[in-house]
Each structure stands twice: as structure tokens, then as C-alpha cells.
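Undergrad: After the sequence you'll find the predicted model.
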Amino acid sequence: MAEPMLELTGITRVYNKGRPGEVSVLRGVDLRVAPGELVALVAPSGAGKSTLLHIAGLLDRPDAGRVCIDGRDTGALRDGARTRMRREQVGFVYQFHHLLPEFSALENIVLPQLANGVGQAEAARRAEDLLGRVGLSARAGHRPAALSGGEQQRVAFCRALANGPGLLLADEPTGNLDPDTAETVFDVMVAMARDTGLAGLVATHNPDLAARMDRVLRLEAGQLVAA
Ligand SMILES: Nc1ncnc2c1ncn2[C@@H]1O[C@H](COP(=O)(O)OP(=O)(O)OP(=O)(O)O)[C@@H](O)[C@H]1O
């Protein structure tokens, strides 16, 4: 396998450790995702998908184990470097789009780039390019409330890809959409990921959509097994 974009080794996570309600959610998760590889993550509700995605995306820390992104061991990074790595290398998409309601589709894709030091003109060019690739050029000036659910999620993908990350993490990205729209949005996501050589870890309850990924893994009793 090529040098993995994401490598998790022996990840464990316990909530409420040593207190009442202690729950051991991840019990030694190992995973390697290569650049350009898309992995589906399936699991029943409460199995720990969000916990795993948050740890992989540097939003949470494991109790034990190692998270490497693009060959770098993130455990050794100070907070500032960790935040920078997350902003530059990780794109997140959630079940609900979390777009900023008072900004247009275009502005929602521009803002994370400005936060990363990209100039306004360059950020707008990139946002327009991304919107074109998901078929939403004509909607660039619309606020989220004026977009359909599927359009909102396509904008959310563009925002996730705005800073050219190497890793896409998606938590039920089409879970809130009707089946036909979910399929269309999923196809757009897969095409964009393939285009850009992204590594992707995508949690989904939908077996048909999971089957479009290169591999399907199941989170079971705190460990990943082939589905
Ligand atoms: N901050 C927390 N404190 C205590 N327990 C937590 C915390 N976050 C999550 N849990 C528990 O850990 C388990 C895994 O939660 P997680 O959100 O990762 O599951 P999930 O597979 O993403 O579920 P869903 O599909 O319902 O979102 C659940 O039993 C949950 O109640």
C-alpha cells in the first residue's frame, strides 16, 4: 500500500473513565486509508462512529493509540500545530450541513480559506470552481435557506474541500436526504474524491451507498472488522 493518508493504530477511547457510566467505546482500532481510497464505515447507532471520526479528524484525542495523518504522528503535535494540520488536511461533512445561514453558498466556501490565509480573489476562484464541479454555479449567491437539502449538502462538500485536504471524513453525509437525492449527492462526493485523490472515511447506514466505496468496514465491539 502507498504511504497511508490516515493511519490509526491501537486506538482506544473510554468515556467517564473511573466514574459511574464508564463506557469503553473504542477497544483497539487499527486502520490504514491510502490516498485515493474510499472506505465506508458501517455500525449500529451508538457503536462509536462519531467518536472514531472525531479522533481521526483531530477533534478528540484517544486514551491510547496513534493517529498519523499524511505520515505525521499527530500525538506529538502541540495544540497550534494540531489545529493547523486539521484545517489544512482534514475536510469534515456531517449529516446536517452546518452552513452559516447569513452567508451565501460561495461565501461559505470562501470563509474557511480566508481563515487559512488564502487571499479573497483566489478563495473566490476556488469556491466558484468547486461549485461548478457539483453543478451549483447558478446557486453561488443563494443563502443556505434558499437551497434544497441536496444542494446544501453539495455546498457542504465544497466547503470541506475548500482548503484542498488530503482526508475527507463524513458522518452520515446523506442521512438526512430522500433516497434519490442521497444517491445523487453520494455520487458527486465519490466523483470529487476520486478526482482529487482524497482518502475518505465515510460513515453511512445505507448498504447500497457503502458498497460504492473501495472497502466496507464494520465497527463492532469497539474494533473494525471487514463487512
Ligand atoms: N461525551 C460523552 N460522554 C459519555 N458518553 C459518550 C460521550 N459521547 C458519546 N458517548 C457514548 O459513546 C457511545 C458512542 O457514541 P458515538 O456518538 O460515537 O456513536 P455513533 O456510532 O456515532 O452513534 P450515532 O450513529 O447514533 O451517532 C454511545 O454509547 C454514547 O452514548
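TA: Perfect, thanks for sending it.

Undergrad: can you tell me the average pLDDT over stretch 189-204?
TA: Stretch 189-204 shows a mean pLDDT of 89.

Undergrad: wait, stretch 160-175
TA: 93.

Undergrad: Give the closest residue to T51 in space, chain neighbours not counted.
TA: Leaving out its chain neighbours, the residue that sits closest to T51 by Cβ to Cβ, 6 or more residues apart in numbering is V25, at 5.1 Å. No exception for glycine: its C-beta is placed from N, CA and C like everyone else's.

Undergrad: To clarify, my last question referred to A47.
TA: L219 (4.8 Å).

Undergrad: contacting residues around that neighbour?
TA: L219 is in contact with 29, 41-43, 47-49, 52, counting by Cβ atoms under 8 Å, 6 or more residues apart in numbering.

Undergrad: If we check the ligand, which of those residues are in contact?
TA: When contact is defined as Cβ under 6 Å from any ligand atom, the contacts of L219 meet the ligand at 43, 47-49.

Undergrad: I'd like the list of those that fall within helices, please.
TA: Counting by DSSP state H, the part of the ones next to the ligand among the contacts of L219 found in helices is K49.

Undergrad: for the chain, longest helix please?
TA: Assignment by DSSP H; longest helix in the chain turns out to be helix 179-196.

Undergrad: what helices or strands is it leaning on?
TA: If contacts are counted by 3 or more Cβ pairs under 8 Å, 6 or more residues apart in numbering; DSSP states H and E, helix 179-196 sits against strand 38-42, helix 149-161, strand 167-171, helix 207-210.

Undergrad: orientation of the following helix or strand past that helix relative to strand 167-171 in degrees?
TA: Using DSSP states H and E, the helix or strand that directly follows helix 179-196 along the chain is strand 199-203. Interaxial angle, strand 199-203 versus strand 167-171 (axes from the mean of the first three to the mean of the last three Cα atoms, to 10 degrees): 10 degrees.

Undergrad: Which other helices and strands does strand 199-203 contact?
TA: If contacts are counted by 3+ Cβ pairs under 8 Å, 6+ apart, strand 199-203 sits against strand 23-33, strand 38-42, helix 49-56, strand 167-171.
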